[in-house]
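Undergrad: Predicted model and sequence below, questions to follow.
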Amino acid sequence: QVQLVESGGGLVQAGGSLRLSCAASGRTFSRYFMGWFRQAPGKEREFVAAIAQTGSTYYADSVKGRFTISRDNAKNTVYLQMNSLKPEDTAVYYCAADENYSSSYYYTAARYDYWGRGTQVTASS
């Protein structure tokens, strides 16, 4: 089992940047397919970005070109660099993990077995 802890959220003005981190503990981090999701008040949880064990990356259309996901297996950490933030990016951001090496359904929350508690990101207009 793996435990996930997100950090790096906060309040920024629209156009600003934040970098989220997700630290993993437990079993070998490099074995995990990692994802970032977000949930705004009154809305369903939605996919943001994912990174495979191989380093392949996947993005939601809404964040493509603005957000970058990366991983550091030596530090057991996955990152989400968020640039050009918009008010509609405001949400609680969650880190997720699973041990499936396939990229199938990387955009669905149901695929992931482990979740962090989330970190709040607010982009003010």
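TA: Alright, I've got the coordinates.
Undergrad: How about the residue nearest in space to the middle of the chain: what's its closest non-neighbour residue?
TA: In the chain, the residue lying closest to the centroid (C-alpha atoms, centre = their mean) is Trp36, at 2.1 Å. With sequence-adjacent residues excluded and distances taken as C-beta to C-beta, 6 or more residues apart in numbering, Trp36 is closest to Val48, at 4.3 Å. (Glycine included, C-beta is placed from N, CA and C.)
Undergrad: can you pull the contacts of that neighbour?
TA: Gly35, Trp36, Phe37, Arg38, Tyr59, Ala60, Val63, Phe67, Leu80, Tyr93 (C-beta atoms under 8 Å, 6 or more residues apart in numbering).
Undergrad: that older thread, residue contacts, the residue nearest to the centre of the chain?
TA: Trp36 neighbours (C-beta under 8 Å, 6+ apart): Leu20, Cys22, Val48, Ala49, Ala50, Ile69, Val78, Leu80, Tyr93, Tyr94, Cys95, Ala96.
Undergrad: Does the second one touch Thr77 like I think?
TA: Translated: Cys22. Yes. Applying C-beta atoms under 8 Å, one finds Cys22 in contact with Thr77, separated by 6.5 Å.
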